[in-house]
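>>> Give me the fold of what follows.
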Amino acid sequence: MWKERGTGQVRLNAAEDGSSARILMRADQVLTLKLNSRIYKEMMVEMISDKQIRFQSVPEKAGEVNLYLLRLASGREAEELLKLIQERKEEARPSQKNPTSSTEGKEEKKEEQKEEKKEEKKQEKEEEQKEEKKEEKKEEKKQETEDTGV
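The predicted structure is shown next:
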């Protein structure tokens, strides 16, 4: 499923030493950041038509792979951008995350979520038991005060 990001200028930002580079896109007129993706060695980049480039990105905070499609004004611009991205890939550091194991990452994430839900249910049960004990103690105190007539 594709999510429309809008139109804007695409730029390649690179560190002076060439160790890292990013693909950036800002929306036309308002200049809000629409795309900010680090370029890494294992990154899949391909030209899928004369004006379109598809690439993958691994977000910093999540272990899943995102696919992006850039549509450019001309085939020449698409070829130039692809060439520049590939040059930056060669100079870039390897990714800290393994983008090819996205299904494994998703499965691990699901397992973690299941464990978290189990833990939450366990905590909820414990809370309920504490509340029940409090209620029982209140009832006992109430019975004691009624029995003693105080």
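
>>> Could you pull out the strands in the chain for me?
8-14, 21-27, 33-39, 45-49, 52-57, 66-71 (DSSP state E).

>>> lowest-pLDDT helix or strand in this protein?
In the chain, no helix or strand scores lower on mean pLDDT, DSSP states H and E than helix 102-148, which sits at a mean of 82.

>>> what's near enough to touch the closest residue to residue 94 other than its chain neighbours?
For residue 94, ignoring the flanking residues on the chain, the nearest one in space by Cβ to Cβ, 6 or more residues apart in numbering is residue 41 at 4.8 Å. In this view, the C-beta of every residue, glycine as well, is placed from N, C-alpha and C. Residue 41 sits next to 89-90, 92-95 when contact means Cβ atoms under 8 Å, 6 or more residues apart in numbering.

>>> Recalculate using a threshold of 6 Å.
Residues in contact with residue 41 (Cβ atoms under 6 Å, 6 or more residues apart in numbering) are 89, 92, 94.

>>> Among the residues you listed, name the buried ones.
Buried by 16 or more other Cβ atoms under 10 Å: 89, 92, out of the contacts of residue 41.

>>> doesn't residue 48 make contact with residue 54?
Yes - taking Cβ atoms under 6 Å as the definition, residue 54 is a contact partner of residue 48 at 5.1 Å.

>>> before we move on, back to that, which one of the strands of the chain lies closest to residue 129?
strand 66-71 (43.4 Å; Cβ to Cβ).

>>> who's in contact with that closest one?
Strand 66-71 is contacted by residues 51-57 when judged by Cβ under 6 Å, 6+ apart.

>>> ok so, going back, tabulate the strands of the chain (a markdown table), appending mean pLDDT and distance to residue 113.
Shown next, in a markdown table, are the strands of the chain (pLDDT from 0 to 100; distance: least, Cβ to Cβ, whole Å):
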| stretch | mean pLDDT | distance to residue 113 |
| --- | --- | --- |
| strand 8-14 | 89 | 35 |
| strand 21-27 | 91 | 30 |
| strand 33-39 | 89 | 26 |
| strand 45-49 | 93 | 31 |
| strand 52-57 | 90 | 23 |
| strand 66-71 | 89 | 19 |
